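**Student:** Curious how this folds, go ahead:
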Amino acid sequence: GKESRTLAIDNSMQDMQATTWETAKFDILMSISVIEHGVDYLRFLREANRLLKVGGLVTISFDYFIDAFNGTENWYTTMKRRPKAYGLPWLPWNNEMVATRLSPEVLSRYGFELVKKDCTFDYYHNWGLRPVHWLGAHYTFGMFTLKKTASLERIWFPHILVEGQLSHETELERLREQHPRAQIFAASTRA
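**Tutor:** Numbering: from 1, shown residues only. Next up, the predicted model:
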């Protein structure tokens, strides 16, 4: 006969950036359409690293505009309205955010590697569809899975994630002067 296996699921309402669970407790973490609602992504990565066993997986889905600049309804015009959902800021990801947040430099610094980036990325681009209509915006979803490759013992200095193009090299220098001990990650999909 077939062998039956029971999975233990631990549901709890907590701040996903600073939970009370013990270190290395989980094999799998899931975040379904939460990360875009006021979550500090780097703090979340640090906490996910703490919670997962080495080799563990975290799967994250998010609200997604494939292109920040596509016609009259784009990510920037939507964000100008400063939308909120459930009393929290709503910041769906766009191409630049995906490229920056899933860059090997950012992921390796937090002890992760990208396993899969999928869901509706190609479907949305090829068909031009935005199946979700919510908060006056039309968008789709993205999803990715990360694998924990190493434990973080301690973060000794802050990190700054710069998303999008810096208009001048002086902006980067200003950030370095203001945060001399920070490691600054900058990435852009624009030429």
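**Student:** all contacts plus neighbour counts: C-alpha atoms, from now on.
**Tutor:** Fine.
**Student:** any weak-confidence spans in this protein?
**Tutor:** 1, 66-74, 118-130, 153-172, 175-176, 178-191 (pLDDT under 70).
**Student:** which residues in the chain form strands?
**Tutor:** 26-32, 52-64, 84-85, 88-89, 112-119, 132-134, 137-148, 159-163, 183-187 (DSSP state E).
**Student:** out of those strands, which comes closest to R174?
**Tutor:** Proximity to R174 (C-alpha to C-alpha) singles out strand 183-187 among the strands of the chain, at 11.5 Å.
**Student:** H133 contacts Y139, doesn't it?
**Tutor:** Yes - proximity of H133 to Y139 meets the contact threshold set by C-alpha atoms under 8 Å, at 6.7 Å.
**Student:** who's more crowded, these two?
**Tutor:** Y139 (22 against 10; other C-alpha atoms under 10 Å).
**Student:** The more buried one is in contact with N94, isn't it?
**Tutor:** No - the pair Y139 / N94 is not scored as a contact, 10.0 Å apart, by C-alpha under 8 Å.
**Student:** Okay, the closest residue to A150 other than its chain neighbours and K147: tell me how far apart.
**Tutor:** Spatially, and ignoring its direct neighbours in sequence, A150 is nearest to G111 (4.7 Å; C-alpha to C-alpha, 6 or more residues apart in numbering). G111 sits 8 Å away from K147, taking C-alpha to C-alpha, to the nearest Å as the criterion.
**Student:** do the same with P92
**Tutor:** Per C-alpha to C-alpha, P92 is found 23 Å from K147.
**Student:** Make TSV out of the strands of the chain and add distance to S4.
**Tutor:** Formatted as TSV, those follow (distance: least, C-alpha to C-alpha, whole Å):
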stretch	distance to S4
strand 26-32	19
strand 52-64	22
strand 84-85	40
strand 88-89	41
strand 112-119	27
strand 132-134	37
strand 137-148	26
strand 159-163	44
strand 183-187	46
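**Student:** Relative to L7, which of those strands is closest?
**Tutor:** strand 26-32 (10.9 Å).
**Student:** Paired strands for the closest one, with orientation please.
**Tutor:** Paired neighbours of strand 26-32 in the sheet (DSSP bridges): strand 52-64 (parallel).
**Student:** show me the contacts for the residue nearest to A150.
**Tutor:** Contacts of G111 were listed using C-alpha atoms under 8 Å, 6 or more residues apart in numbering, and they are 49, 148-152.
**Student:** Can you tell me which of those end up in helices?
**Tutor:** Among the contacts of G111, the members falling in helices (DSSP state H) are N49.
**Student:** Mark which of the contacts of G111 are buried, thanks.
**Tutor:** Neighbour counting by 16 or more other C-alpha atoms under 10 Å classes 49, 148-151 among the contacts of G111 as buried.
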